[in-house]
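# What follows is a predicted structure for the sequence shown.
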Amino acid sequence: ENLKIAATARYIPERVVSNNELSTIMDTSDEWIYPRTGIHNRHVVTDENTSDLATHVAQQLLEKSGWSADELDFIIISTMSPDSLSPHTAAIVQGNIKASKAFAFDLNAACSGFVYGLSAASALLSSGRYRKGMFIGAEVLSKLVDWKDRTVSVLFGDGAGGVLLEQTDESVGLIAEELQSYGEMGNAILTGRFANRNAFSGEILPLDPYFHQDGRSVYGFATREVPKIMNKALDKAGLAADDVDLYLAHQANERIIRSMAKNFGQDLAKFPTNMAEYGNTSAGSTAILLDELVESGQVHPGMKIAFVGFGGGLAIGVQIWQL
Ligand SMILES: O=C(O)C1CCN(c2ccc(-c3cc(CO)ccc3Cl)cn2)CC1
């Protein structure tokens, strides 16, 4: 499908919280966190919300590309941490940047959100009905973690990244994708549970806004199932693992990425990571990584890139692109 990534951008809130700073507010340490996760720091908002992060990304995308906001046909935001259910975050951004022609919607596929959103945006453009789209992965997970729960709060951070996509006659774009959910395992990653109560029922489930995860089973799921999905995507693309120049994997855990590289028989150098600085930013993680690599020149036209998402749902997504 002839699609071009016309621009990339990222926005990370400036407040850095190191593992050492966390050890002053909870019983943890860099010596515990870093070896297990590869995380040293995370960035958190102080007075911004998810729509603010996404708006910063949107403004940078327009500046970098020279597109005007009213050229956009749509804005999609992948997030599991919206400002609100209504207005949805993509609509807030659409209003902020005055994209007068665009329709906007949010999608939630947790940590697979960047790949699932890229799939939705690509499909809208490939349908021929639309020509220019904006897609952003944006999270403020710091509002969803219990900062007294040291097993979870140390893993996550805030951040956003995005792309502008357009139809093109160049032979570049989406080569293949494989998306799969595993709903029966969904309870392994829980967050944002509304109280299931109305005027006619008792209190069936109390409100529980916080993140809970069965780290071990998610870890096992990711290392076991992601390679299967990757191989399906490679088969669909008629490619071998060696043909992919870089694997941009969801930045949840350094050890999981190391085991993936080994499983695919690929050099770790083909799996760039930045969770050391940002922690797990869910739908934002691959988008932030992409923009950093574009900025450093490590990602450029001519390359074959695999985007790999995995996490809440549970869900997995792989997209292979010819840039
Ligand atoms: O070693 C330990 O004690 C633990 C072992 C388990 N760990 C994990 C396990 C799973 C995740 C994770 C989370 C999400 C949710 O966004 C998505 C995808 C993943 Cl792979 C992150 N960390 C942390 C250190």
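Done, it's in. What you are looking at is a predicted structure, and each value in this text was computed from that prediction instead of being measured.

# Residue 84: neighbour count?
11 (other C-beta atoms under 10 Å). All C-beta atoms are positioned from the backbone trio N, CA, C, and that covers glycine.

# so what pLDDT did it get?
Per-residue pLDDT puts residue 84 at 98.

# same check, this time on residue 209
At residue 209, the model reports a pLDDT of 93.

# which residues does the nearest residue to it once chain neighbours are set aside contact?
Counting by C-beta to C-beta, 6 or more residues apart in numbering, the nearest residue to residue 209 once its immediate chain neighbours are dropped is residue 192, at 5.7 Å. Shown in contact with residue 192 (C-beta atoms under 8 Å, 6 or more residues apart in numbering): 80-81, 144, 209.

# Name the residues of the stretch 1-150 of the chain found near the ligand, please.
Within the stretch 1-150 of the chain, the residues that sit near the ligand (C-beta under 6 Å from any ligand atom) are 36-37, 111.

# If you could redo that for the stretch 201-323 of the chain, that was the one I meant.
Residues of the stretch 201-323 of the chain lying near the ligand by C-beta under 6 Å from any ligand atom: 213, 215, 218-219, 222, 252-253, 256, 280, 282, 310-312.

# Tell me where the stretch 1-150 of the chain has helices.
Taking DSSP state H, counting those that start in this stretch, the helices of the stretch 1-150 of the chain run over residues 19-22, 30-37, 50-65, 89-96, 113-126, 150-153.

# would JSON lines of those with mean pLDDT, mean neighbour count and distance to residue 10 be doable?
Listed next are those as JSON lines, based on pLDDT from 0 to 100; neighbours: other C-beta atoms under 10 Å; distance: least, C-beta to C-beta, whole Å:
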{"stretch": "helix 19-22", "mean pLDDT": "98", "mean neighbour count": "16", "distance to residue 10": "22"}
{"stretch": "helix 30-37", "mean pLDDT": "97", "mean neighbour count": "15", "distance to residue 10": "21"}
{"stretch": "helix 50-65", "mean pLDDT": "98", "mean neighbour count": "23", "distance to residue 10": "6"}
{"stretch": "helix 89-96", "mean pLDDT": "98", "mean neighbour count": "23", "distance to residue 10": "15"}
{"stretch": "helix 113-126", "mean pLDDT": "98", "mean neighbour count": "24", "distance to residue 10": "12"}
{"stretch": "helix 150-153", "mean pLDDT": "95", "mean neighbour count": "18", "distance to residue 10": "23"}
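
# These: which one's closest to residue 9?
helix 50-65 (3.7 Å; C-beta to C-beta).
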